[in-house]
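S.K.: Please work out how this folds:
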Amino acid sequence: MLVEQRQELLLQELRATGAVRVAELAERFGVSAGTIRRDIAELADLGRLTKVRGGAVPAQRAVAPPAPGGGPEPEAPADPHRPTIGLLVPSATYYYPRVVAGVREVAARYGARVVIGLSDYAQPRDERQIEELCASGADGLLIASTGGHTVPPAVLARLRATGRPFVLLERRPQEPDDPCEFVVSDHATGAGRAVRHLRDLGHRSVALFTAGSPTAPLVREGYERAVRQLELDPGAPVAGADEPASGTPAAVARYDAFIEECRAHGTRAALVHSDQDAIELLQRLRAKGLRTPDDLALIAYDDEIASLAEVPLTAVAPPKRQLGEAAAQLLLDRLPARAELAPRQVVLQPQLTVRESCGAASAGA
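M.R.: Just a heads-up that it's a prediction; the model follows:
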């Protein structure tokens, strides 16, 4: 049974019964309890259900832990005065599930309800989703728009027109002096930290490979700044944001061209955004009889699946869950309206996790 099939069956059982238990599902599906716990954790991060001790209940349902030998206790009476957070994200499958989990954790502590709206990078519908969230009763809004790392003026104008407090997630206003609140990861500094780590391992030439995402320009900004400050080779290969579909001949050709350019230039280290691209590069290196980190040391940017690569990838991890927690806290501080607060703009630092792909172990670091 595929993971997606098992998780869909789990959700069907949950809708039918109102509560599911790990042990019962493991026996029914013929898998381990650990597998079911991972399924529940993934579905909880996506907002599809709520984890409780020993099982799960429908999303946003307020419950006590399951009683020994039985299902969850009855749902607590709903509070008609509890605040509702409207959350807009461009994806429910990559990067944002951990952000959503952070929002929901803080909301639960305050007894707040979270209503999610999904836009799409390919077909943006931010303004429509903002209207839908307001219509659903949202008292305040957390917004990750589908454009770049700055929010389009039309979306910002629509947010202000709602009359509701809002906080931007991984986005800033285009005007630096705009007083709206936001919580962002310092991607430029995260990229610079990766370049510095490679320099400390002895590399004087560090390449860059980026994917087409709102984060990519910030990663490149940090990379270029680090190359200047550390006086590294300014001519090292840089692959831009053109992004053929994964698995296509065009994508394979792009990876191969980057590898050959690094070899021709004598560059033996690279920062790669994102994890998926770093894993694809690992596979193309192996296909060419080359090894990581010996022939090309790699650091991935995102750390979603970097540890699962055939050579575990050193990676920069934006603090996604903390970002969701901080944004929810900022918003809830204004619900209901309290004493006047100065606008708060929070910048969180990514962390570098060292694994095998950068060669730190062989270098004694």
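
S.K.: only C-alpha atoms for contact and neighbour calcs from this point on.
M.R.: OK.

S.K.: Dihedrals phi and psi, the spatially most central residue of the chain?
M.R.: The centroid of the chain falls nearest to residue 95 when counting by Cα atoms, centre = their mean (2.0 Å). With angles defined as degrees, to the nearest 10, residue 95 sits at phi 70, psi -50.

S.K.: Do I have it right that it meets residue 301?
M.R.: No - between residue 95 and residue 301 there is no contact under Cα atoms under 8 Å: 11.5 Å.

S.K.: And the residue nearest to the centre of the chain, how close does it get to residue 149?
M.R.: Remark: distance between residue 95 and residue 149 (Cα to Cα, to the nearest Å) = 14 Å.

S.K.: can you check residue 307 too?
M.R.: Residue 307 sits 26 Å away from residue 149, taking Cα to Cα as the criterion.

S.K.: Okay, and the beta partners of residue 316?
M.R.: Going by DSSP bridges, residue 316 is paired in beta bridges with residue 301, residue 352.

S.K.: what helix or strand does residue 146 sit in?
M.R.: Per DSSP states H and E, residue 146 falls between elements, in no helix or strand.

S.K.: residue ranges of the helices in the protein, please?
M.R.: Along the chain, counting by DSSP state H, helices occupy 3-17, 22-29, 33-45, 96-110, 126-135, 153-161, 187-200, 216-229, 249-265, 275-287, 320-332.

S.K.: The fifth one packs against which elements?
M.R.: What that stands for is helix 126-135. The elements that helix 126-135 packs onto, with contact taken as 3 or more Cα pairs under 8 Å, 6 or more residues apart in numbering; DSSP states H and E, are strand 84-89, strand 113-118, helix 153-161.

S.K.: could you dump those to TSV with mean pLDDT and mean neighbour count?
M.R.: Shown next, in TSV, are the helices and strands packed on helix 126-135 (pLDDT from 0 to 100; neighbours: other Cα atoms under 10 Å):
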stretch	mean pLDDT	mean neighbour count
strand 84-89	93	25
strand 113-118	88	20
helix 153-161	90	14
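
S.K.: Looking at these, which is nearest to residue 203?
M.R.: Residue 203 lies closest to strand 84-89 among the helices and strands packed on helix 126-135, at 37.9 Å (Cα to Cα).

S.K.: now for that closest one, which elements pack on it?
M.R.: Counting contacts by 3+ Cα pairs under 8 Å, 6+ apart, strand 84-89 is packed against strand 113-118, helix 126-135, strand 140-143.

S.K.: could you dump the shortest one to PDB, C-alpha only?
M.R.: I take that to be strand 140-143. The C-alpha trace of strand 140-143 is given here as PDB (Å, rounded to 0.1, in the frame of the first residue of the first chain):
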ATOM      1  CA  GLY A 140      -6.800  38.300  12.000                       C
ATOM      2  CA  LEU A 141      -4.600  37.100   9.100                       C
ATOM      3  CA  LEU A 142      -1.300  35.400   8.600                       C
ATOM      4  CA  ILE A 143      -0.200  35.800   5.000                       C
END
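
S.K.: That one pairs with which strands, parallel or anti?
M.R.: Sheet pairing of strand 140-143 (DSSP bridges) gives strand 84-89 (parallel), strand 166-169 (parallel).

S.K.: Show residues contacting that strand.
M.R.: Residues from elsewhere that reach strand 140-143 (Cα atoms under 8 Å, 6 or more residues apart in numbering): 84-89, 164-169, 327-328, 331, 335.
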